[in-house]
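In: dropping a prediction and its sequence here:
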Amino acid sequence: MRVLVVEDDENLRFALTAALRGSGLAVDEAPDLPQADEALFVTSYDCAVLDRTLPSGDAAAWVRDWRRGGGAVPVLFLTARDTVADRVEGFEAGGDDYLVKPFAVPELIARVHSLCRRSGAVRPPVYRCGDLEIDTARREVRRDGVLLMLTGKEFAVLEMLAARADQALSRGALIEGCWDEMAEPQSNVLDVLISQLRRKLGEPPLIRTVRGVGYRLLAPGDGPG
């Protein structure tokens with residue numbers, strides 16, 4: 001899942017980006033509304049996190065115009081403006097959630113993941129593939145009832161494979177969906193992660209390499225490949 005963070009305070013933007021990436025999300029950054037507008041035009045996002053008050057304008061007014069133009073990505077506003085009227089204004093402008101500064105980072109991460117699950121196709125709360133269970137709300141993975149300890153990025157890749165278990169996903173699709181603009185598409189970062197994920201998932205193997213395409217999650221009854 002991919003998120004856009006729009007925040008003019010460089011230190012806060014860096015901290016937000018690091019925290020969200022640490023939870024397994026791909027994150028792009030923008031310091032102002034013009035750059036946010038460009039990013040949303042060229043890239044598909046599952047959620048956008050916007051500081052309400054930016055030097056380039058009021059993000060709520062910008063979101064209102066963007067919604068009128070067909071923008072549908074879920075939006076979370078971050079703001080120091082904490083009155084009921086401010087929150088109502090944010091929701092009426094087209095915001096989906098509203099978090100007042102200062103805030104707890106774990107709460108921000110939980111809210112962003114919740115908004116990401118709303119976007120695009122409806123995602124079930126739990127994916128099941130044979131004896132594998134992926135709980136997207138709790139961000140827990142179990143195989144044969146045993147809890148597996150995955151990193152945020154490993155969970156993101158496995159969730160994306162599970163959401164499209166009926167098809168093979170290309171390397172490009174996985175990198176675009178689980179990494180951000182800082183990733184090097186030609187690097188072996190995905191191959192290394194898949195190797196680690198296979199080891200943690202155990203036997204029999206659940207992730208198949210599809211030659212010339214990428215990877216797919218084996219469905220119950222699939223033979224080894």
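Out: Received it, and whenever you're ready, just let me know what you need. Keep in mind that what you see is a predicted model, and the values were worked out from it rather than measured.
In: C-terminal to the helix or strand hosting residue 109, which secondary structure element comes first?
Out: Using DSSP states H and E, residue 109 falls within helix 105-118. With elements assigned by DSSP H and E, the helix or strand that comes after helix 105-118 is strand 126-129.
In: counting by contacts, list what that next one packs against.
Out: strand 132-135, helix 152-163 (3 or more CB pairs under 8 Å, 6 or more residues apart in numbering; DSSP states H and E). Placement of C-beta: from N, CA and C, glycine included.
In: by contact count, what packs against the helix or strand of the chain with the lowest mean pLDDT?
Out: Taking mean pLDDT, DSSP states H and E as the measure, the helix or strand of the chain with the lowest value is helix 171-178, at a mean of 79. Applying 3+ CB pairs under 8 Å, 6+ apart, we find helix 171-178 packed against strand 26-30, helix 152-163, helix 189-201, strand 214-217.
In: now the ones you listed as a markdown table including mean pLDDT and distance to residue 146?
Out: Conversion of the helices and strands packed on helix 171-178 to a markdown table gives the following (pLDDT from 0 to 100; distance: least, CB to CB, whole Å):
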| stretch | mean pLDDT | distance to residue 146 |
| --- | --- | --- |
| strand 26-30 | 89 | 28 |
| helix 152-163 | 86 | 15 |
| helix 189-201 | 90 | 11 |
| strand 214-217 | 88 | 18 |
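In: take those and write them to CSV, including mean neighbour count and distance to residue 108.
Out: Below are the helices and strands packed on helix 171-178 laid out as CSV (neighbours: other CB atoms under 10 Å; distance: least, CB to CB, whole Å):
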stretch, mean neighbour count, distance to residue 108
strand 26-30, 23, 12
helix 152-163, 21, 14
helix 189-201, 16, 25
strand 214-217, 22, 30
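In: save those as a markdown table, and put in distance to residue 91 too.
Out: Converted to a markdown table, those look like this (distance: least, CB to CB, whole Å):
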| stretch | distance to residue 91 |
| --- | --- |
| strand 26-30 | 22 |
| helix 152-163 | 28 |
| helix 189-201 | 38 |
| strand 214-217 | 37 |
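In: relative to residue 177, which of the ones you listed is closest?
Out: helix 152-163 (5.3 Å; CB to CB).
In: now do the contacts for residue 149.
Out: By CB atoms under 8 Å, 6 or more residues apart in numbering, residue 149 lies in contact with residue 200.
In: from residue 140, how far out is it?
Out: Shown here: residue 149 relative to residue 140, a distance of 10 Å by CB to CB, to the nearest Å.
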